[in-house]
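[1] Generate a structure from the sequence data that follows.
(chains A and B)
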Amino acid sequence: MDRLSQSQQQRISSAVSYLGLALVVIIIGLPMFWMLSSSLKTLGQIYTFPPRWIPSNPQWSNYQEAWNAVPFGRFYVNSIIITFFGAGLQIINGTLCAYAFAFLKFPFKNVLFLLVLAALMVPGEVVILPNFLFFGNKVREWFNLDTNWINTYQAIVLPGAATAFGTFLMRQGFMGLPRDVLDAAKVDGAGHMRTMFGIVLPMAKPIVITFALISIVNKWNDYLWPLIVTRTVEMRPITVGVRLLYDAEGNNNWGVIMAGTTFVVLPLIIVYIFAQRFIIDGLTAGATKG
Amino acid sequence: MESTTGTLETAPYQGQQYETAKLSWRDKLASKEWVIFLLFVTPNLVFLLLFTYWPLWENIRLSVQRTDLLAFTGTNEFVGLANFEYIFSNRTFKLVLRNTLVFLVASVSLTMLSGLLISLLLNQKLKGRTAVRAIVFAPTLLSGAAIGIVWAYIFDPRYGLLAQILDWFWIPSPHWLDRPEWSLPAIIIVYVWKNLGFAAVIFLAGLQAIPQDLYDAAKIDGANAWWRFKSVTLPMLSPISFFLFITSILATFQAFDIIQVMTDGGPAFGSTTLVYYVYQQGFGEAANFGRSAAAAIVLFIAMLVVTIVQLRFTERKVHYDG
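    Below is the predicted model:
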């Protein structure tokens, strides 16, 4: 220790740190790189050992082949519909609920809030069976319908329309707003609609956007419930659809399959590039304060 | 309602008079706070009651019935605890519980450990660390189904990426997904790869919240880097570590898509976890709703215990702080 000067020591430790960073980037990035590079390989290039890192003549036709092997266009439409309505309902329900619990008076409000929070302890995985039976059976008795709701958009979307997490997260955010601004609004005689849309939402924008992004990502990636409640290829979202491609290509045409997985992750990667800050900052804020 | 907007800013007092004079029954109702409260809370609550609480109750009912495919015709037979007796005396279910435990312990510890190491790296003033943080976090957001398929290719024992890397060290690749003893480790690897970025980012936030003067004080006391880590960093990180620990356990209990895509719980139930068992019993070839519901309740109770432990500890901490 004594023989190395302070600056030498620092240089060595920062070199080790940069090496560590490089290793981290390789471990995390390599599978993504592998997916992209393989999606452009011919079958011959896939089945060579040692493998090729960068394909010599990129096979863009793999994307076309994947698109035609299973109805990716339809999968995109389904996923967009499910994400739009699923996340939309969660955002609306969560924001309204959070506003009410943060600012409005009501008898037994705390008990009701506990009822919302306790739902966090019941993940969707636990209730897949009764919910499936609800859409397959009960929904007909309850609403006097001719057909059940299996294989419909409403069956995919509705069980995930509420949000306990979002209510909690946004209520925290709303309660952190400066109280005097809200009091000023009250003195001005602003109604709750105006207070919410004119003051609370603009001021709490970061937390609302964070929750919106989390919700969108979750809905896009949702797998188990849509897998169970959809029956035909035409109703599958893209996450379940790519599994069909994987099965259809029989576990060997990896170039085409990797093109298909790229279709699934691409929209989220694009969202992430633009909204990275919001997602990371929002999540860490939720974790460190909650 | 609209008319108040314009007048308020210029002459608030007159505006208010104008408002009270023209209150209709709708405005009166809308000015009652409890009405708005109900209006705002009801949608969320109704969906929670309908698709979370009611099915939880239904699950308990189903678990004491024998309701295989006949459930659609509505003939259910009460069998008491027979479904629970069946799964707990079943060898497959014991394997499932063991798999779940192995998966939990390995995934959570590896995710947290690697997350902590990466966060320590990212906490230094290095060039490009924001970009690295973004890259590390990215897999957290990607579809588990797509990621699972990519990794199934990476694990290919002959032409996969991992086979190549192992070959550099003259190690033959195991048949990851075709062997009961390798399928669960393969899934743990993918799971850790996907989730360590979340742990790293949360730990990093915790590290950045530690006041610098604690380190300065430790330095003055002559503490070296390791000692500073042990006596300042780790204790200060403990609340956030606990948070991560609990959320990781709960998330790992729910892991499904990667398993479904990569191994389908197999081979020979080698990678079937509790949540996967619930799915298999309810929607696989078995189609035994009673057993699926019973397993779902076991899953629910396990997660409930974890949550209660968390609440207990958080309460104590709050108490401690005064």
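[2] give me phi/psi at B:P211?
    phi -60, psi 140 (degrees, to the nearest 10).
[3] ok, whichever strand or helix holds A:Q9 near chain B or not?
    For A:Q9, the host element (DSSP states H and E) is helix A:6-38. Yes: residues of helix A:6-38 contacting chain B under C-beta under 8 Å from any C-beta of the partner chain: A:14, A:17-18, A:20-21, A:24-25, A:27-32, A:34-35, A:38. Where you see a C-beta, it was placed from the backbone N, CA and C, and this is true even at glycine.
[4] Just checking, which of those residues comes out lowest on pLDDT?
    Within the set of the residues of helix A:6-38 next to chain B, pLDDT is lowest for A:S14 (86).
[5] Which residues are in contact with the spatially closest residue to that one that is not a sequence neighbour?
    Once flanking residues are discounted, A:S14 sits nearest to B:L126: 7.0 Å by C-beta to C-beta, 6 or more residues apart in numbering or on different chains. Residues in contact with B:L126 (C-beta atoms under 8 Å, 6 or more residues apart in numbering or on different chains) are A:14, A:17-18, A:21.
[6] What subset of those residues is buried?
    A:17, A:21 (16 or more other C-beta atoms under 10 Å in any protein chain shown).
[7] Can you tell me which of the contacts of B:L126 is nearest B:W227?
    A:S17 (19.4 Å; C-beta to C-beta).
[8] contacting residues around that closest one?
    With contact taken as C-beta under 8 Å, 6+ apart, A:S17 is in contact with B:121, B:124, B:126.
[9] What are the buried residues along stretch B:182-191?
    B:182-191.
[10] so what pLDDT did the closest residue to B:G144 other than its chain neighbours get?
    Using C-beta to C-beta, 6+ apart and skipping the chain neighbours, the partner closest in space to B:G144 is B:D257 (3.5 Å). Here, the pLDDT recorded for B:D257 equals 95.
[11] Spit out the contact partners of the residue positioned nearest the centre of chain B.
    The residue lying closest to the centre of chain B (C-alpha atoms, centre = their mean) is B:A251, at 2.2 Å. When contacts are counted by C-beta under 8 Å, 6+ apart, B:A251 is found next to B:N195.
[12] Could you rerun that using 6 Å?
    For B:A251, the contact set (C-beta atoms under 6 Å, 6 or more residues apart in numbering or on different chains) is empty.
[13] Please pick the buried ones from the residues of helix A:6-38 next to chain B.
    Counted by 16+ other C-beta under 10 Å, the residues of helix A:6-38 next to chain B give A:17, A:20-21, A:24, A:28, A:30-32, A:34-35, A:38 as buried.
[14] so can I have JSON lines of those showing distance to B:L104?
    Output for those, formatted as JSON lines (distance: C-beta to C-beta, whole Å):
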{"residue": "A:S17", "distance to B:L104": "32"}
{"residue": "A:G20", "distance to B:L104": "28"}
{"residue": "A:L21", "distance to B:L104": "30"}
{"residue": "A:V24", "distance to B:L104": "24"}
{"residue": "A:I28", "distance to B:L104": "23"}
{"residue": "A:L30", "distance to B:L104": "27"}
{"residue": "A:P31", "distance to B:L104": "23"}
{"residue": "A:M32", "distance to B:L104": "27"}
{"residue": "A:W34", "distance to B:L104": "28"}
{"residue": "A:M35", "distance to B:L104": "28"}
{"residue": "A:S38", "distance to B:L104": "32"}
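[15] Can you pick out the most distant pair from those?
    Greatest spatial distance in these: A:S17 and A:S38, 31.7 Å, computed using C-beta to C-beta.
[16] B:I118 and B:M112: what is the separation?
    11 Å (C-beta to C-beta, to the nearest Å).
[17] who has more neighbours, these two?
    Between B:I118 and B:M112, counting by other C-beta atoms under 10 Å in any protein chain shown, B:I118 is the more crowded of the two (26 against 21).
[18] Touching, that one and B:A199? I think so.
    No: using C-beta atoms under 6 Å, B:I118 is not in contact with B:A199; the gap is 8.1 Å.
[19] For B:F253, which non-adjacent residue is closest in space?
    B:M303 (5.5 Å).
[20] I'd like the average pLDDT over the helix or strand encompassing that neighbour.
    Here B:M303, judged by DSSP H and E, is contained in helix B:289-321. Over the span of helix B:289-321, the pLDDT mean works out to 81.
[21] can you confirm the residue nearest to the centre of chain B is in a helix?
    Yes: assignment of B:A251 by DSSP: H, G, I helix; E, B strand; the rest coil places it within a helix.
[22] separation between it and B:T111?
    For B:A251, the distance to B:T111 - C-beta to C-beta - is 9 Å.
[23] cool, A:I216 as well?
    For A:I216 relative to B:T111 (C-beta to C-beta), the value is 24 Å.
[24] what are the ranges of the helices in the stretch 101-250 of chain B?
    Listed in chain order, the helices found in the stretch 101-250 of chain B under DSSP state H, counting those that start in this stretch are B:129-141, B:144-154, B:161-168, B:180-208, B:212-220, B:225-228, B:234-253.
[25] and of those, who's closest to A:W67?
    Closest among those, using C-beta to C-beta: helix B:144-154, at 15.3 Å.
[26] just the angle between that closest one and helix B:129-141, please?
    For helix B:144-154 against helix B:129-141, the angle by axes from the mean of the first three to the mean of the last three C-alpha atoms, to 10 degrees is 100 degrees.
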